[in-house]
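Colleague: heads up, no residue letters with this:
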């Protein structure tokens, strides 16, 4: 049973025709076919909607949708929905949020959420020719975009700035039109790309007309026109702060001040060492992505932007920082992102709608603050565990629970196993041996 | 209706008690409560299992689960399941896969998939003291881990190498034990962290004994012991190659060679310009993450590793490369990752089990190749669109479909709208106006 050559027409088959073909061709067992079928939504209209989000859909992948309560951000309480398949993430967020809610909560600010788009082009003529043309036509270029920007302008967005960038130092004859946008409460990808493609066409026409009129030599190729997911100015800064005495509760062997000192060292290690930085930031994104996904935003865009920002000074570093001055402990996260609260899946996905309602219909800037707070909360819990009991204590308990479930253990067996493995390393083989004997 | 203070005991409430509280406290409307409830699995046992994956769960977030057929990787056919909420990703993967299957398919290799872990510690005494101790006890340290490594060694994994790293140039008194692991078909996080925590304890004891015996000054703090998600040696390289004549089909205005030249320039732009690199790589991760999620692997880990690798030479760059020599076009992706095909959610999540069966139960290395091929396929389709028709043509069609659905348009209205908006910019307001009259 195996495929021998390319198949045609696959996208036209129904979901069950696709599954039957998988059964015949790759031996997909009947129970797994039934699992795939049972993960469709029972309401056919809603299932059809999910199928229209993507292509060749046969089912839905379930990501547990949980709630992290007690987030106090800029004085306002939030219960933060998180869609995340990894154990301990929601618990870690909740614990940190509750702790910090008793110490002033999270303070968050968002800089001007500027979005970026680029027209990448190759011009083989003189640089002065296009530089002069651009300076004379810049305003006309923006004005010519009016038909596609009018609606966004009414909502407070539009083209903020446009400049010609000489990239010939990096690549022969390579230039950009670099455009800054504001997109109000939307992430704005469709808007930005529509403007950029129109702008590219207009710029090409202008250059060709001018070259013909002045008998200038040179050819212009629009290589591509596309938004950038890198938005380093669209920054959220989230911080927490407390006197060290509050930190004495985390480890019986560490005073609040000792805990703070050890914590600051751990955060500094993540700034100094790229191997540690990657995992440190991964823990931040555990929290951030949970909220990004739950609100119907695009986590690939948020990840790419944040990690590139982590490497902005030439070395990949941790995104958070911590300090201790005069017995005041401060912990802070600074991360750029582009997210929206209207448009796309934020409005189309039923659970994203529920999430935004639970978050009290935030603006895009408020959502950035909540996402940042979730990232900082998870980072706090992870570093706290690492510098005290270690993370395996909690993980092993989860690991044991999962294995016991897979083995179909009874409640009595579960209790006995939890007691037995309290101080032991958990492995599937050992747990099976314990249960069966 | 708003929360006034921190709540306690939230995690002990049932899912519906949590939702009722949200209804009362944040005004979550009844239809959204029903949406949340209807996204639970209808089989209570299976729903309970999803709830155990995470904490405070009240529902499941649905991600469309689709199939990208016709992936020919190292001569073997795959249908690649992808869990992805973004439109066009599965279609883009499928189109590229089918095209390349007629031109030799994807060639993929995996280097030695070495995993990394670190014991981060502060030592205030002489460097020579610990360097000497480490060189004398290195083998004993590894041998002392035997109880926790024995089972993994049977499966071909274990500790591969361990070294002492002097990081005092970056931070005062900061050193590491840097450990390389092999983890067979598992991602290995639990195994690695268990070993590292044991290793940290053993190392601390050795240093303290030795210091006492030799009356040496200095204190040792184990700051943390934790795996690194940065695994630059665990690389997959995926490539496609064809004579340029095959590339003439993509644009009526570009010969195969012109298409190849323009494509190579677009890929070089993504290597030269960080703003473009971020979005270029985001498109690669669209494909990769679809497979990573569908197989129950951790996309935050894969993202963090890949993006840090993109910045390894001091500038954030595109992860793929393209070349044209003697009319042979070659396109290649090189990206590190750490994934598994046993353990964790790969075995526990029903749809991950189905995915691995559909992928013909790959080894971890084979899975890396499939993930890499999906990344390269999506990158190919994205760059192809960008340098030819632009991406808005396809996106706008999707955008229109979504708006028409939200407006509850009839089939006749849908057809009329598709024809009308063929050459126009799609906006919600304009579509509503068109439909209503």
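Modeller: Yep, that arrived. Being a predicted model, the structure only gives us computed values, none of them experimental. Numbering: from 1, shown residues only, chains lettered A, B, ... in the order given.
Colleague: So for the lowest-mean-pLDDT helix or strand in chain A, what gets flagged as buried?
Modeller: Lowest on mean pLDDT, DSSP states H and E among the helices and strands of chain A sits helix A:392-406, with a mean of 75. Buried residues in helix A:392-406, defined by neighbour count with 16 or more other CB atoms under 10 Å in any protein chain shown: A:392, A:394-404. Bear in mind the C-beta positions are built from the backbone N, C-alpha and C, glycine included.
Colleague: repeat for stretch A:31-46
Modeller: Neighbour count says stretch A:31-46 has A:32-33, A:35-36, A:39-41, A:46 buried, by 16+ other CB under 10 Å.
Colleague: can you list the residues that contact the helix or strand encompassing residue A:133?
Modeller: Assigning secondary structure by DSSP states H and E places residue A:133 in helix A:127-144. Residues from elsewhere that reach helix A:127-144 (CB atoms under 8 Å, 6 or more residues apart in numbering or on different chains): A:123, A:159, A:162, A:164, A:166, A:168, A:175, A:177, A:198-199, A:202-203, A:206-207, A:210-211, A:214, A:216, A:218.
Colleague: Can you tell me which of these end up in helices?
Modeller: Among those, the members found in helices (DSSP state H) are A:198-199, A:202-203, A:206-207, A:210-211.
Colleague: Which residue is the nearest non-sequential neighbour of residue A:43?
Modeller: What sits nearest to residue A:43 in space, not counting adjacent residues and going by CB to CB, 6 or more residues apart in numbering or on different chains, is residue B:38, at 6.6 Å.
Colleague: ok, residue A:240 to chain B distance?
Modeller: Distance, residue A:240 to chain B, by CB to the nearest CB, to the nearest Å: 15 Å.
Colleague: In the stretch 51-200 of chain A, mark out all the strands, start to finish.
Modeller: A:57-73, A:76-83, A:107-110, A:115-123, A:158-166, A:174-182 (DSSP state E, counting those that start in this stretch).
Colleague: quick one: contacts of the shortest one?
Modeller: Under the criterion CB under 8 Å, 6+ apart, residues A:73-74, A:234-241, A:365, A:368-369, A:372-373 lie in contact with strand A:107-110.
Colleague: Buried ones in it, by neighbour count?
Modeller: Those buried within strand A:107-110 under the rule 16+ other CB under 10 Å are A:107-108, A:110.
Colleague: cool, stretch A:126-145 as well?
Modeller: Of all the residues in stretch A:126-145, those buried under the rule 16+ other CB under 10 Å are A:129-130, A:133-134, A:137, A:141-142, A:144-145.
Colleague: repeat for stretch A:363-382
Modeller: Across stretch A:363-382, burial judged by 16+ other CB under 10 Å covers A:364-382.
Colleague: Give me the subset of these lying in helices.
Modeller: Per DSSP H, the subset of the buried residues of stretch A:363-382 in helices is A:364-382.
Colleague: helices and strands around the least confident helix or strand of chain A, which ones?
Modeller: Judged by 3 or more CB pairs under 8 Å, 6 or more residues apart in numbering or on different chains; DSSP states H and E, helix A:392-406 is in contact with helix A:411-420, helix A:428-436, helix B:44-53, helix B:189-213, helix B:345-348.
Colleague: among those, which is nearest residue B:257?
Modeller: When the helices and strands packed on helix A:392-406 are ranked by proximity to residue B:257, the top entry is helix B:345-348, at 43.6 Å, counting by CB to CB.
Colleague: Who are the packing partners of the following helix or strand past that closest one?
Modeller: On the C-terminal side of helix B:345-348, the closest following helix or strand by DSSP H and E is helix B:350-358. For helix B:350-358, the packing partners by 3+ CB pairs under 8 Å, 6+ apart come out as helix A:15-26, helix A:30-38, strand A:57-73, strand B:76-83, helix B:274-294, helix B:345-348.
Colleague: Could I get the average pLDDT for helix B:350-358?
Modeller: For helix B:350-358, the mean pLDDT works out to 97.
Colleague: tilt between it and strand B:76-83?
Modeller: 170 degrees (axes from the mean of the first three to the mean of the last three CA atoms, to 10 degrees).
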